[in-house]
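*Asks:* Pasting a predicted model and its sequence here:
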Amino acid sequence: MVIDGMKQTSLTDSFEKYRKKTRKEQFLEDMETIIPWKELCEAIEPFYPNPAGAGRRPIGIERMLRIHFLQHWFNLSDPAAEEALYDSRSMRQFVGIDLGEEPAPDETTICKFRHLMEAHNLGGRLFYLVNQYLKEDGSKVSRGTIVDASIINAPSSTKNKKKQRDPDMHQTRKGNQWYFGMKAHIGVDSKTKLIHSVVATPANVHDSVILGDLLHGDESRVWGDSAYAGQGGVIAEHAPRAKDFTNKKGSRNVTLSDRDRAKNRNKSKVRAKVEHLFGVMKGQFGFTKVRYKGLDKNAHHLFTSCALVNLVMAKKTLLRRQRLLIQA
């Protein structure tokens, strides 16, 4: 592997006779193969410090981007990312660090790169570029969209310097349980199961308010849970050719008929696909709590996470196509 013009080598490879490749190593090898590094680095380059002059030469963009992605995949803070690079051989190999030649970037360097990404909203740009890459590779958006939202919790404690909770976060009730934080709204392609639209809001914003922003306009069908019931007018405005396949909602005075319940069950078989993506985001990446203060920083984290979720969802297809190209 060559990163920033430098090939990583390790003397330990010769002595580890019974070493077994871990799932983490296999995952990182797969990501190494399928991510369009050149295009993503080119998007960051205009905003990155110029290495010209007598000052300290900045660490290469691709190396810092790899660390940034490790933070998302393994839910690492800036200090934890530095610690992990010293602790994990597979992570060092992925980033291209040989501790016999150089130290790992420190937490301040990692933090500054993250702030640069946030300041220029590069998470949204990466999300767009990844989707363009997947589209060019054959993962085209179909005519069906599944919409859904999920709460990302934030600390509700006021035991901090300002004695207050994050003013950008709000509370909402789901069932009998109260939650405090932000909400991730996504629009998902019903065929490829890839995220094509993302919106971040405080948790108290109702799912249906964001519905129009999650549609690309060419849909023929729109699926959603009962939170989107009664939004046929919004669907007609933003996707004129789309049929409303959102679940019907009962009330205290009007209960759903057996036929309506059966229809909801059939709709949910399609709508349930979106849970897989939140499963990757929350279960695999660990993005169940906001890491930063303020909606903008966490929205940036969400956009980058969605780009990486799409790559994970398309991983098998991308690897298979690359193997076919090599064989050809």
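*Replies:* Alright, I've got the coordinates. Residues are numbered from 1 along each chain as shown.

*Asks:* Sort out which residues of stretch 154-166 are buried, please.
*Replies:* 154, 165-166 (16 or more other C-beta atoms under 10 Å). To be clear about C-beta, it is placed using only N, CA and C from the backbone, and glycine gets the same treatment.

*Asks:* Oh, that last question was meant for stretch 234-251, not what I typed.
*Replies:* Taking 16+ other C-beta under 10 Å as the criterion, stretch 234-251 shows 234-235, 238-239, 242, 244-248 as buried.

*Asks:* so, if you compare those residues, which one comes nearest to Glu118?
*Replies:* His238 (29.0 Å; C-beta to C-beta).

*Asks:* Could you pull up the residues touching the closest one?
*Replies:* Neighbouring residues of His238 by C-beta atoms under 8 Å, 6 or more residues apart in numbering: 211-212, 215, 217.

*Asks:* I'd like the buried residues of stretch 234-251 as a markdown table, with pLDDT and distance to Ile326 appended.
*Replies:* Below are the buried residues of stretch 234-251 laid out as a markdown table (pLDDT from 0 to 100; distance: C-beta to C-beta, whole Å):
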| residue | pLDDT | distance to Ile326 |
| --- | --- | --- |
| Val234 | 96 | 47 |
| Ile235 | 96 | 44 |
| His238 | 96 | 42 |
| Ala239 | 95 | 40 |
| Ala242 | 96 | 40 |
| Asp244 | 95 | 45 |
| Phe245 | 95 | 41 |
| Thr246 | 95 | 44 |
| Asn247 | 94 | 45 |
| Lys248 | 92 | 50 |
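
*Asks:* Now intersect these with the helices, please.
*Replies:* 234-235, 238 (DSSP state H).

*Asks:* Check the gap between the residue in the chain sticking out farthest from the centre and Asn75 for me.
*Replies:* Note on the chain: the largest C-alpha distance from the chain mean falls to Asn253, namely 40.4 Å (C-alpha atoms, centre = their mean). Here the criterion is C-beta to C-beta, to the nearest Å. By it, Asn253 lies 45 Å from Asn75.

*Asks:* circling back to that earlier point, for PyMOL, write a command that selects the buried ones of the contacts of His238.
*Replies:* Applying 16+ other C-beta under 10 Å to these, the buried members can be selected in PyMOL as follows:
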select buried, resi 211+215
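
*Asks:* Sweet, I'm off.
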